[in-house]
Each structure stands twice: as C-alpha cells, then as structure tokens.
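Visitor: Sequence and predicted structure are below.
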Amino acid sequence: MTSVRGWSPRGYRDGRGWLQGAPPPRWVRVLPVALLATVTMATLISPDGHDFGFLLGAIPPLAVLSYGPLATAVLSVLVVLLLNVPATHLNLPGDTDLLTITFVAVLSVFVSYVRSHRDAQLLTERAVGEAVQRAVLPPLPERVGAVGCAGLYRAAQHGTLVGGDFFDVRDGPYGVRAVMGDVRGHGLAAVATVVGLLGAFREAVLDQPDLEAVAARMNRRLLVDSDGVPNAELFATALLLEFSADARSVRIVACGHPAPVLLRDGRAQELTVSSAAPLGLGLAGVQPPKEITVELGRGDRLFIASDGVWEARDRAGRFYPLPARLAGFTGTDTELTEAVWADLIRGCEVRDDATMLVLTPFIG
C-alpha cells in the first residue's frame, strides 16, 4: 500500500522539507566548509585579504543548521585561527572583528548544542507517535481473502500520519468487509474518534451478520463516546462494503459518505446508493441505512475516496471531476491511487484529509 505512513518519493517519510525537521540537504552541509575554503584561498591570493574577513562571521551560524556542537566548534576554531594568521591580514584594522566573530562562534556552539538535544527529543517523540499511529491504521495487505487492496492516505495537518479519515479491510465469517470513513474535524484531535470507530468495526466484522448491524455498532460507539460530553458533536460519515464468498457481488451501505466509483472496461461510473445520515447524529425519524447489492465481473475495481478528494477545487472553484479522471488512468491499483493524487495536487487545492481505497475482487 502506498500511504503517508511510508517513505516519501522525495526521500523522507512524509515529504517534509529540511526547514520542517527533515535532515538538511547536502549543499547546506557543504556550505560552511566551502565558504571557509573559499575565504582562505581568496586571502592567500589577494593582497587585500582583510576585505573578505566579514564572510568568516557567517560560517559558525551556517554550521548550526546541519552540524552538532563538536563539528560547529571545530569550524569555529578554524575561523578564529584563520583570523589570527598574519599572512591573511584578516584581523585588520583591530581586535573588534576578532572579538565579534569569537562571540558569534561561541554562541553558535551553544545554539548547536541546544538544537541537537531538541532534535533528539523530537525524533524520539515522533518515533513513539508513528508507532501509535501505525497501530491505529496498520498498512493494508495487498490482498484480503479474494479482494485485492491498495490505499493512499494524505493527512491535512502537516507532519501527522493520520487524521480524521480512516479505512480498513477485514476478512471474517461473513465475508471480506471494508470501511472508509471521515470523522468530524481532522488532525490529532480526530484520532481518538477514529480509534473508537475502527475498534467497533473490527469487532462487528466478527459477530454482526449484516452491514446494517455493523453500521449500527459504529453508530452506538459514537453515541456512547459523546454521552455526557458538553458540545461533543461527534459524528462521522462512513461507507461499508461486504463482498460475497465468490467475490461476484458486493453489498454497500452508505452513511453520508460519497459512493464508490465502479471501474469497468475503461469506464468509470459512480454507483447510486441510498445514503443514510452520518453516524453519531442520532436524528429522530431518520431512515436507517439501506443496503444495495452490485454485481461484479472479472477486471472490475471499486474506487472509494473521501471528501478531501471529491471536494478539492481548482482555481476557478470547480470540484475535482473524479470519475472523469479515473476513466483515463491505467495501471495497477497502487499506480492508480498515485496517479489520482498527482493529478489532484497538480490542479486543485486539497484542504482536507485525502484518502483513496481501491478494491479489486479476484473472480475465479
């Protein structure tokens, strides 16, 4: 599965740049050393070497960006030594430049010491967070029972691996069941609700005979969690699917969530489902979710996406035309999700968690 939980094609786990905590690029590490070598050569060649002295003051702060306190101290000492070499004349016209750069060097070593310790603490905290988040949303296997799986998750809150969207595919006594949902809000504040809903789904897969009962179990979970909490307003959209034993049909229950798109013979068709109210609202008199059955054939695929995909807009304010785009994409299930994501961010602004799930039944 390709996911935000995996390594980014740009080389870091979640695509963060070096200004957001990722390791600095090579040119940043080379810059202070290259600057020191350049000033040294220039002072030896030019008769007016002291004209380059001001550049030495930039070397210790540059070292802080990518080096620890020891390497920063070494570079700082080299700078101070270079200032005191008589042949360079860099200490002219007096001691003011030397004292200033020495102070900057000492301060840079201290800042590097503080930064290195903070980075170590942040790495530890992030490793713990990733372990917890993988426990909430473990990577999907490539196949669950007779159904192939591929998913992609991009959290709206920068630097997080999960947010308000969730999905899962499980095999149980009543067949392979899948869920995709979107809880109110996004980011870390929504993770607790995601945990509760996924737990309810995974239990219901084992002991509930139909999808309506699974939806009811998840709905009860939200109602219990919000009971007695002032202004909790916990609710979530959800789409539930259950494949028959021979994978020739799929039953679908929608609770306020966008319908799946059926990919068949190079065409993409949004399925018509009777959607009930989102989970957790508890609205009196609202129709319960109704199950529909869709027949499947060899080569069919179901593409499911969250609101973050469906409601992405381009600069003119137009919604992303997902079915039309899907009809033009080919490739494996994983390549399909990556192609949609690349196309989405190329022309639209994504403001919410964006989640995609491709389910491919293997019909004998």
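Guide: Thanks, I have it. Residues are numbered from 1 along each chain as shown.
Visitor: need the contact list for residue 344.
Guide: The neighbours of residue 344, taking CB atoms under 8 Å, 6 or more residues apart in numbering as the test, are 309, 312, 320, 350, 354. Any C-beta I mention is one placed from the backbone N, CA and C, and that applies to glycine too.
Visitor: Tell me the one among those residues nearest to residue 39.
Guide: Closest to residue 39 out of those is residue 350 (45.7 Å), distances taken as CB to CB.
Visitor: Is the closest one in contact with residue 312, as I believe?
Guide: Yes - using CB atoms under 8 Å, residue 350 is in contact with residue 312, at 4.9 Å.
Visitor: out of the two, which sits in the busier spot?
Guide: Counted by other CB atoms under 10 Å, residue 350 and residue 312 do not tie: residue 312 has more neighbours, with 21 against 17.
Visitor: Following the chain past the strand or helix carrying residue 212, name the next helix or strand.
Guide: Using DSSP states H and E, residue 212 sits within helix 211-226. Remark: after helix 211-226, the chain's next helix or strand is strand 236-243, criterion DSSP H and E.
Visitor: which helices and strands does the next helix or strand along the chain from that following strand pack with?
Guide: Per DSSP H and E, strand 236-243 leads on to strand 249-255 as the next helix or strand towards the C-terminus. Contacts defined by 3 or more CB pairs under 8 Å, 6 or more residues apart in numbering; DSSP states H and E place strand 249-255 against helix 211-226, strand 236-243, strand 292-295.
Visitor: Let me see the confidence value for residue 45.
Guide: The pLDDT attached to residue 45 in the predicted structure is 74.
Visitor: contacting residues for residue 281?
Guide: residue 235.
Visitor: which residues of the stretch 101-250 of the chain fall in helices?
Guide: Ranges of helices within the stretch 101-250 of the chain are 191-207, 211-226, based on DSSP state H, counting those that start in this stretch.
Visitor: mind exporting the helix or strand of the chain with the lowest mean pLDDT as PDB, just the C-alpha atoms?
Guide: The weakest-scoring helix or strand in the chain, judged by mean pLDDT, DSSP states H and E, is helix 53-56 (a mean of 73). Written as PDB, here are the backbone C-alpha positions of helix 53-56 (Å, rounded to 0.1, in the frame of the first residue of the first chain):
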ATOM      1  CA  GLY A  53      37.000  38.800   6.700                       C
ATOM      2  CA  PHE A  54      33.400  39.600   7.200                       C
ATOM      3  CA  LEU A  55      32.500  36.300   5.400                       C
ATOM      4  CA  LEU A  56      34.000  34.300   8.200                       C
END
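Visitor: Beyond it, next helix or strand please.
Guide: helix 59-64.
Visitor: Tell me which helix or strand the residue nearest to residue 55 when sequence neighbours are not counted sits in.
Guide: Nearest residue to residue 55 in three dimensions, chain neighbours excluded: residue 39, at 5.2 Å (CB to CB, 6 or more residues apart in numbering). Residue 39 belongs to helix 26-45 when assigned by DSSP H and E.
Visitor: circling back to that earlier point, name the stretch among the helices and strands packed on strand 249-255 that sits most buried.
Guide: Stretch with highest mean neighbour count among the helices and strands packed on strand 249-255: strand 236-243 (a mean of 25; mean count of other CB atoms under 10 Å).
Visitor: give me the number of residues near residue 59?
Guide: 25.
Visitor: on that earlier part again, okay if I get the helices and strands packed on strand 249-255 as a markdown table plus distance to residue 204?
Guide: As requested, those are arranged in a markdown table below (distance: least, CB to CB, whole Å):
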| stretch | distance to residue 204 |
| --- | --- |
| helix 211-226 | 4 |
| strand 236-243 | 9 |
| strand 292-295 | 19 |
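Visitor: Any idea which of these gets closest to residue 362?
Guide: Closest to residue 362 of the helices and strands packed on strand 249-255, according to CB to CB: strand 236-243, at 10.0 Å.
Visitor: need the contact list for residue 208.
Guide: Counting by CB under 8 Å, 6+ apart, residue 208 touches 174, 214, 217.
Visitor: And it, how far from residue 270?
Guide: Per CB to CB, to the nearest Å, residue 208 is found 27 Å from residue 270.
Visitor: so how many other residues sit close to the nearest residue to residue 80 once chain neighbours are set aside?
Guide: Computed as CB to CB, 6+ apart, the closest residue to residue 80 that is not its neighbour in sequence is residue 102, at 5.7 Å. A count of neighbours around residue 102, defined by other CB under 10 Å, yields 16.
Visitor: what about residue 102, distance to residue 246?
Guide: The gap separating residue 102 from residue 246 is 79 Å, by CB to CB.
Visitor: With residue 280 instead?
Guide: 34 Å.
Visitor: Comparing those two, which residue is more hemmed in?
Guide: Set residue 280 next to residue 246 and count neighbours by other CB under 10 Å: residue 280 wins out with 26 against 12.
Visitor: contacting residues around that one?
Guide: By CB under 8 Å, 6+ apart, the neighbours of residue 280 are 219, 222-223, 226, 234-236.
Visitor: Equivalent analysis for residue 361, please.
Guide: 146-148, 243, 247-248, 250, 296, 300.
Visitor: Between all of those, which two are separated the most?
Guide: 148 and 248 (15.0 Å).
Visitor: who's more crowded, the two?
Guide: Between residue 148 and residue 248, counting by other CB under 10 Å, residue 148 is the more crowded of the two (21 against 16).
Visitor: Now that one. Nearest residue, chain neighbours left out?
Guide: residue 360 (3.8 Å).
Visitor: For the one you found, which three-state class applies?
Guide: Three-state call for residue 360 (DSSP: H, G, I helix; E, B strand; the rest coil): strand.
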